[in-house]
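Chemist: Below are the sequence and a predicted model; questions follow.
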Amino acid sequence: MINESDIAKQAGVPVATWRRRDAPAFRQRVPALLPGSRILVYGQAHLAGRPAPALPTGEHPDDLLNAEEAAALLGVAASTVRAYATQGYLPAGTTIYSLRLWTRRDIQDRLQNPPGQGNGGGRPTGRGNNPRKAHPYDGDPRLDTATAALETAEGVPRTRLAAALAAQHGGSTRTWERLLAQNDRATGP
């Protein structure tokens, strides 16, 4: 592969001159290897005046694919392919003349082994029927204090009672609210 900048160097002219003088005719005569790409690259055979060698038929694991071709195989957008490469879900690929290319092998491997499949999150199998973990306040001596406070302070809003217990015994108001609620669960409605 070769880009227009290197073609101008081989012709011995500045890039701007080549693009102004020679590029329009060259682009009509020689097809770009990746049509639709903003970076124009051509085959070396075109420069030598030879016909481009015939591409092998079928798919090969070492075929180089651009982001659009890789996206078509994966069933995602081209921007997603570039993001996967940046985030490590795909290999970084090979950069040739500012074009990032991936081998078909890498794309097929990603397709056959997507991350997040197989062993992973969720509840371990066989543990669904076990008793739940005891509440963190079970056996806490402050529960007795909360019970006594509830019995003596009927009609007082919970938030005020929790604030008074926090001021008297230490801890946060929210902790005492939880202790009061736990006491309700333990004694029933």
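Modeler: That came through, no problem. Numbers count the residues shown, from 1 in each chain.

Chemist: can we go C-alpha only for contacts and neighbour counts from here?
Modeler: Will do.

Chemist: elements contacting the longest helix seen in the chain?
Modeler: In the chain, with assignment by DSSP state H, the single longest helix is helix 173-187. Counting contacts by 3 or more C-alpha pairs under 8 Å, 6 or more residues apart in numbering; DSSP states H and E, helix 173-187 is packed against helix 142-152, helix 158-169.

Chemist: what's the least confident stretch among those helices?
Modeler: If you rank the helices and strands packed on helix 173-187 by mean pLDDT, helix 142-152 sits at the bottom with a mean of 89.

Chemist: Next, the angle from that one to helix 158-169.
Modeler: 120 degrees (axes from the mean of the first three to the mean of the last three C-alpha atoms, to 10 degrees).

Chemist: got the domain boundaries for this protein?
Modeler: Using the TED database, the domain ranges for the chain come out as 2-47, 64-112, 141-187.

Chemist: average pLDDT for the second one?
Modeler: This points to domain 64-112. 90.

Chemist: Run the chain-centre distance for that domain.
Modeler: Centroid separation for domain 64-112 versus its chain: 14 Å, with C-alpha atoms, centre = their mean, to the nearest Å.

Chemist: Show me what counts as buried in the longest strand along the chain.
Modeler: The longest strand of the chain (DSSP state E) is strand 99-103. Residues Leu99, Arg100, Leu101, Trp102, Thr103 are the ones in strand 99-103 that count as buried (16 or more other C-alpha atoms under 10 Å).

Chemist: tell me what the helix or strand following it is packed against?
Modeler: Per DSSP states H and E, the first helix or strand lying C-terminal to strand 99-103 is helix 104-112. Other elements packing on helix 104-112 under the criterion 3+ C-alpha pairs under 8 Å, 6+ apart are helix 67-74.

Chemist: I'd like the distance between the residue lying closest to Arg110 once chain neighbours are set aside and Ala163.
Modeler: Distance criterion C-alpha to C-alpha, 6 or more residues apart in numbering; nearest residue to Arg110, sequence neighbours excluded, is Leu90 at 6.8 Å. Per C-alpha to C-alpha, to the nearest Å, Leu90 is found 54 Å from Ala163.

Chemist: Next one: the residue lying farthest from the centre of the chain from Arg110, what distance?
Modeler: Going by C-alpha atoms, centre = their mean, the residue of the chain most distant from its centre is Thr152, 56.3 Å out. Applying C-alpha to C-alpha, the value for Thr152 to Arg110 is 66 Å.

Chemist: what do you get for Val76?
Modeler: Taking C-alpha to C-alpha, one finds Val76 at 12 Å from Arg110.

Chemist: which one of the two has more residues nearby?
Modeler: The neighbour comparison of Val76 against Arg110 (other C-alpha atoms under 10 Å) goes to Arg110, with 15 against 12.
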